[in-house]
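[1] 3D, please:
(one chain, ligands or ions: 1)
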Amino acid sequence: MLHWLSVVATTPTASGLQPPALRARPALGSAWAAMVLLSVLLAASSSASGEPSVRAGRPNIVLIMADDMGYECVGANGGQTYRTPHLDRLAASGMRFEHCYSQPLCTPSRVQIMTGRYNSRNYIRFGVLDPQATTFGNILRDAGYATCVVGKWQLKGGFEGPHRFGFDEYCLWQLTRRPNRYANPGLEINGRQADFNSGEYGPDIVSDYACDFIERSAKGDSPFFLYYPMILPHWPFEPTPVSADWDPTFRRGDTTEKSYKMREHKYFIEMVNYADRIVGKIVAKLESVGVRDNTLVIFTCDNGTYAGLISQFQGRPWKGGKGHMMDNGTRVPLIVSWPGTVGPGQVNRDLIDFTDMLPTLADVTGATVPRRLGVTGRSFLPQLLGKRGNPREFVYCWYFRNGKPIPGGKEHKAGESARTHRYKLYRTGEFYDVSADFYEQSPLQADALTDEQRAVRERLRQVIGEHTRPGFYSRQRKRGRKLPQ
Ligand SMILES: [Ca+2]
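    Now for the predicted structure:
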């Protein structure tokens, strides 16, 4: 493992920031004292009722989110093209969700999962998180958690950005620049650029940092929250350190990598397998430092697999749909493991969307979510504890990559929809039975709907009306912008 204080800083910046070992823990204020008291009270009341005292334990949280690795990539889900033994074991140890829906693309999903709000309420444009936003990092740090983010950022904010959004420390790619991410990467670590030139592999470095954070935090007085939006297995598709043709001298800029064999499926498969290895590495670290049973581990993904890559899933082909609003762009893995608290081998079919993560983490930790934030997600903690809970009736999606219609004829990729398990309505009026029409080829004909279908369609129309961005369409029309047809 690298020694983090010796990482070569090529561009000293961000005065006031220090490497993690030199940073002081947040002061334990009155809010913390109140939280401890609350935890004690909750422990007393919950133990009296015989239910798990989840808030009393204040578990550590590790949230891992892969990049462009759809539902079909995980063996436990029925995937047959990739080897994911660590994820499969994680699923066997806890609860696997079959209907978790992200946004179709990186930034929209990152904004939604971090803020607990639909993109219609706080999305600006690709590559940006609203500087005024409050994230799950802010909420858990305020609740006394030691916080860290490693992996891919893509949300701007400068060297202070991750701190502003609630993270004590970070080891990231694509914070203030966009150099190589895989072999010989350029990263940014706690306010400093760090360029690696000796055959290092970006995903190894950020996961080493994550392991170091876990090890340090396990010795601390506070529980910890590790948010790990993975670099893998996003394009460019390249050999990994365990690939037969790994080349430690390999180096490319984003300009040249576009001419590489970027669509070679072989490397994508190897990268998914490597992402799985890293999940195993993180879990092994939790075990080796003795905190596994007191750590809630969540694995999900930000959007579907790269468009056009065909994988085998439950005996049939599944075509990747990243960037599209169809299920192959938005249906993602969700695995939750918390030994001793979440029972093993469970499969849950409830609808979950990315606004639900923040309220769930708050629920697990007893953290307060201020009403002013307008968080609309629902906690799925009850389901994790084996209860029915309050499952959502719909999943809503507002997707405009740049916050407005995309010029150049790509409007078909943008839009707004609401869905149940079975049916999906677009704002344009197209209405699909997605259980029978996965790729949304044949909208249901309005004059042939059953009474039940009409009722569902009307309810979904209301959902879109309730969650849409007020005035958005009239403003676009005034500006002469073409809207999705
Ligand atoms: Ca992505």
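[2] contacts only, for the closest residue to the ion within the stretch 101-250 of the chain.
    At 3.7 Å from the ion, residue 106 is the closest residue in the stretch 101-250 of the chain, using C-beta to the ion. All C-beta spots, glycine's among them, are computed from the backbone N, C-alpha and C. Residue 106 makes contact with 67, 68, 126, 152, 154, 302, 303, according to C-beta atoms under 8 Å, 6 or more residues apart in numbering.
[3] weed out the non-buried ones from the residues you listed.
    67, 68, 152, 154, 302, 303 (16 or more other C-beta atoms under 10 Å).
[4] how deep is the closest residue to residue 83 other than its chain neighbours tucked in, by neighbour count?
    Nearest non-adjacent residue to residue 83, counting by C-beta to C-beta, 6 or more residues apart in numbering: residue 273, 5.0 Å away. A count of neighbours around residue 273, defined by other C-beta atoms under 10 Å, yields 20.
[5] tell me the SS of residue 273?
    helix (DSSP: H, G, I helix; E, B strand; the rest coil).
[6] isn't it up against residue 82?
    Yes: using C-beta atoms under 8 Å, residue 273 is in contact with residue 82, at 6.0 Å.
[7] about what we covered before: and the contacts of residue 106 as TSV, adding pLDDT?
    What follows is these, written out as TSV (pLDDT from 0 to 100):
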residue	pLDDT
67	98
68	98
126	95
152	98
154	96
302	98
303	98
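[8] which stretches of the stretch 301-450 of the chain form helices?
    Taking DSSP state H, counting those that start in this stretch, the helices of the stretch 301-450 of the chain run over residues 327-330, 357-365, 381-384.
[9] is the ion contacted by the first one?
    In this case it means helix 327-330. No: for a cut-off given as C-beta under 5 Å from the ion, helix 327-330 has no contacts with the ion; the smallest distance is 10.2 Å.
[10] and the residue most central in space within the chain, how far from the ion?
    In the chain, the residue lying closest to the centroid (C-alpha atoms, centre = their mean) is residue 65, at 4.1 Å. Computed as C-beta to the ion, to the nearest Å, the residue 65 to the ion distance reads 9 Å.
[11] confirm that residue sits in a helix?
    No: in this structure, residue 65 is strand, not part of a helix, as judged by three-state DSSP.
[12] for burial, what's the neighbour tally of the closest residue to it other than its chain neighbours?
    For residue 65, ignoring the flanking residues on the chain, the nearest one in space by C-beta to C-beta, 6+ apart is residue 229 at 4.7 Å. Using other C-beta under 10 Å, residue 229 has 27 neighbouring residues.
[13] check contacts around residue 229.
    65, 67, 110, 149, 151, 152, 153, 302.
[14] beyond the helix or strand hosting the third one, next helix or strand please.
    To tie it back to what came earlier, the one meant is residue 110. Using DSSP states H and E, residue 110 maps to helix 106-115. Downstream of helix 106-115, the first helix or strand assigned by DSSP H and E is helix 119-122.
[15] can you list contacts of the following helix or strand past that following helix?
    For helix 119-122, the succeeding helix or strand toward the C-terminus, using DSSP H and E, is helix 136-142. Residues from elsewhere that reach helix 136-142, judged by C-beta under 8 Å, 6+ apart: 26, 31, 61, 113-116, 147, 149, 162, 165-168, 225, 227, 357-358, 361-362, 365, 367-369.
[16] now the buried members of those residues.
    By neighbour count, with 16+ other C-beta under 10 Å, the contacts of helix 136-142 hold 61, 113-116, 147, 149, 162, 165-168, 225, 227, 357-358, 361-362, 365, 367, 369 as buried.
[17] report pLDDT for residue 485.
    We have a pLDDT of 55 for residue 485.
[18] for residue 233, which non-adjacent residue is closest in space?
    In space, residue 233 is closest to residue 271, 3.5 Å off (C-beta to C-beta, 6+ apart).
[19] my understanding was that the one you found contacts residue 243; is that so?
    No: contact criterion C-beta under 8 Å: residue 271 and residue 243 do not qualify, at 9.0 Å.
[20] who has more neighbours out of these two?
    Between residue 271 and residue 243, counted using other C-beta under 10 Å, residue 271 has the larger neighbour count: 28 against 15.
[21] returning to what we had before: how near is the residue nearest to residue 65 to residue 437?
    Distance of residue 229 to residue 437, computed by C-beta to C-beta, to the nearest Å: 32 Å.
[22] could you do residue 176 as well?
    44 Å.
[23] count of neighbours near residue 279?
    25.
[24] and it, what are its phi and psi?
    Backbone torsions of residue 279, given as degrees, to the nearest 10, read phi -60, psi -40.
[25] pLDDT at it, what is it?
    On the pLDDT scale, residue 279 is placed at 99.
[26] leaving aside the residues next to it on the chain, what's closest to it?
    Using C-beta to C-beta, 6+ apart and skipping the chain neighbours, the partner closest in space to residue 279 is residue 86 (4.7 Å).
[27] how about that neighbour, phi and psi?
    phi -70, psi -40.
[28] isn't it right up against residue 273?
    No: in this structure, residue 86 is not within contact of residue 273 by C-beta under 8 Å, at 9.8 Å.
[29] before we move on, back to that, restrict the contacts of residue 106 to those near the ion?
    67, 68, 302, 303.
[30] beta partners for residue 310?
    residue 319 (DSSP bridges).
[31] show me the contacts for it.
    265, 317, 318, 319, 320.
[32] just residue 417 next, same as before
    Taking C-beta under 8 Å, 6+ apart, we find residue 417 in contact with 325, 396, 397, 424, 425, 426, 427, 464.
[33] so the fifth one makes contact with residue 461?
    What that stands for is residue 425. Yes: between residue 425 and residue 461 there is a contact at 6.4 Å, judged by C-beta under 8 Å.
[34] the two - which one has more neighbours?
    residue 425 (25 against 15).
[35] what ranges do the strands span in the stretch 51-200 of the chain?
    If DSSP state E, counting those that start in this stretch is used as the criterion, the strands of the stretch 51-200 of the chain fall at 60-66, 95-101, 146-152, 169-173, 186-189, 192-195.
[36] quick one: the second one to chain centroid distance?
    Right, the one you point to is strand 95-101. 13 Å (C-alpha atoms, centre = their mean, to the nearest Å).
[37] and it, which strands flank it?
    Strand 95-101 is paired, per DSSP bridges, with strand 331-337 (antiparallel), strand 346-348 (parallel), strand 352-353 (parallel).
[38] quick one: contacts of it?
    76-77, 300, 327, 330-337, 342-343, 346-354, 383-384, 395, 397, 419, 421.
[39] residues in contact with residue 472?
    Residues in contact with residue 472, defined by C-beta under 8 Å, 6+ apart, are residue 120.
[40] surely residue 428 and residue 443 touch.
    No: with contact defined as C-beta under 8 Å, residue 428 and residue 443 do not form a contacting pair (9.6 Å).
[41] pLDDT on the strand or helix carrying residue 452, on average?
    Element membership for residue 452, per DSSP H and E: helix 451-467. Here helix 451-467 scores 98 as its mean pLDDT.
[42] got it, and stretch 250-270?
    68.
[43] end to end, how far does that stretch reach?
    Length of stretch 250-270, first residue to last, C-alpha to C-alpha, to the nearest Å: 17 Å.
[44] closest residue of the stretch 301-450 of the chain to the ion?
    Closest point on the stretch 301-450 of the chain to the ion, by C-beta to the ion, is residue 302, at 4.2 Å.
[45] quick check: that residue touching residue 66?
    Yes: Residue 302 is within contact range of residue 66, at 7.3 Å (criterion: C-beta under 8 Å).
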